[in-house]
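**Student:** Sequence and predicted model, in that order:
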Amino acid sequence: MTSSDFAARSAPPARPPRSRLATLPTLRHWIITPVAMSVVVLVLGFVASTSAITGSELAINQTMSTQHVGWLNTISLAVEKILGPSGAIVILLVLIAILWFVRRTPIDALAVASISAFGWIYSLIFKYAVHRHRPDPTLLANPLSPDMDPNSFPSGHVCFAVSLTIALYFLFREKRWGIWVLVVGMIVSGLVAVSRVYVGVHYPIDVIASFPASIAGIILWCGLWNRFAPPILARVPFVTRLEYR
């Protein structure tokens, strides 16, 4: 028996990481699927930007603008702040802190944060490619939030809500109630979508397209994570100290 054989036999067996998301759920065709979905979203965005479609959708915004109620205004504007860029960053930092320092699962922390962030940031591809302008606040009866980035397609707020929902579902999918995280999260995402049209900063197609837009980004990210993240994270000391002890 050589010394290397002896060392291999005497070395402690490799332990699995504590985190559940060391490997993410992914599709076999994790590149072509999100690319195809992205093309469909882009085509939808360009079609929606035509004057005929925009005019029809603006009529919906105008109708909703005449139906504003005080308490719904408060909730909708609160959602705008909570799921806006600053609020989204705070949410991600809180999740990282809980998963890393409380549950002591740093890989879960990085996975949940990166899924949520990538599905959200991926929407910028469509925003700047389509460059659809938001509804003109001067044409609305009661514009609630007129001062925003001019790009309307898709909704970053909805993309973040969808991405966070999927990230949390991945984290809890092995629990009996895990499916309810997905169901409730998607219902909440749908309500966020309605609120963005209600406030008057998005057209209906903007918020509808946010669902496939963020999901396409997540499919791509899951494939990239499984390809590159596990071997890298296994070599990071401050991750391995928690994950493999």
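**Tutor:** Received the coordinates, thanks.
**Student:** After whichever strand or helix holds Ser163, heading C-terminal, what element do we hit next?
**Tutor:** Per DSSP states H and E: Ser163 is located in helix 156-172. Later in the chain than helix 156-172, the nearest helix or strand by DSSP H and E is helix 178-199.
**Student:** Enumerate every residue touching Leu77.
**Tutor:** Taking C-beta atoms under 8 Å, 6 or more residues apart in numbering, we find Leu77 in contact with 144-145, 199. Glycine gets a C-beta too; all of them are placed from N, C-alpha and C.
**Student:** May I see those organised as JSON lines, with neighbour count, pLDDT and distance to Leu58 added?
**Tutor:** Shown next, in JSON lines, are the contacts of Leu77 (neighbours: other C-beta atoms under 10 Å; pLDDT from 0 to 100; distance: C-beta to C-beta, whole Å):
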{"residue": "Leu144", "neighbour count": "17", "pLDDT": "88", "distance to Leu58": "16"}
{"residue": "Ser145", "neighbour count": "17", "pLDDT": "79", "distance to Leu58": "16"}
{"residue": "Val199", "neighbour count": "27", "pLDDT": "94", "distance to Leu58": "14"}
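**Student:** For Ile187, state which of these is nearest.
**Tutor:** Val199 (19.0 Å; C-beta to C-beta).
**Student:** which helix is the longest one in this structure?
**Tutor:** For the chain, the helix that runs over the most residues, judged by DSSP state H, is helix 204-233.
**Student:** Sketch out the low-pLDDT regions of the chain for me.
**Tutor:** Applying pLDDT under 70 to the chain flags residues 1-15, 146-147, 244-245.
**Student:** hmm, back to that, counting contacts, what elements does the helix holding Ser163 pack onto?
**Tutor:** If you count contacts as 3 or more C-beta pairs under 8 Å, 6 or more residues apart in numbering; DSSP states H and E, helix 156-172 packs onto helix 85-97, helix 106-121, helix 123-130, helix 178-199, helix 204-233.
**Student:** who wins for proximity to Leu21 among those helices?
**Tutor:** Taking C-beta to C-beta, helix 106-121 is the member of these nearest to Leu21, at 3.7 Å.
**Student:** between the closest one and helix 85-97, what angle do the directions make?
**Tutor:** Computed by axes from the mean of the first three to the mean of the last three C-alpha atoms, to 10 degrees, the angle separating helix 106-121 from helix 85-97 equals 160 degrees.
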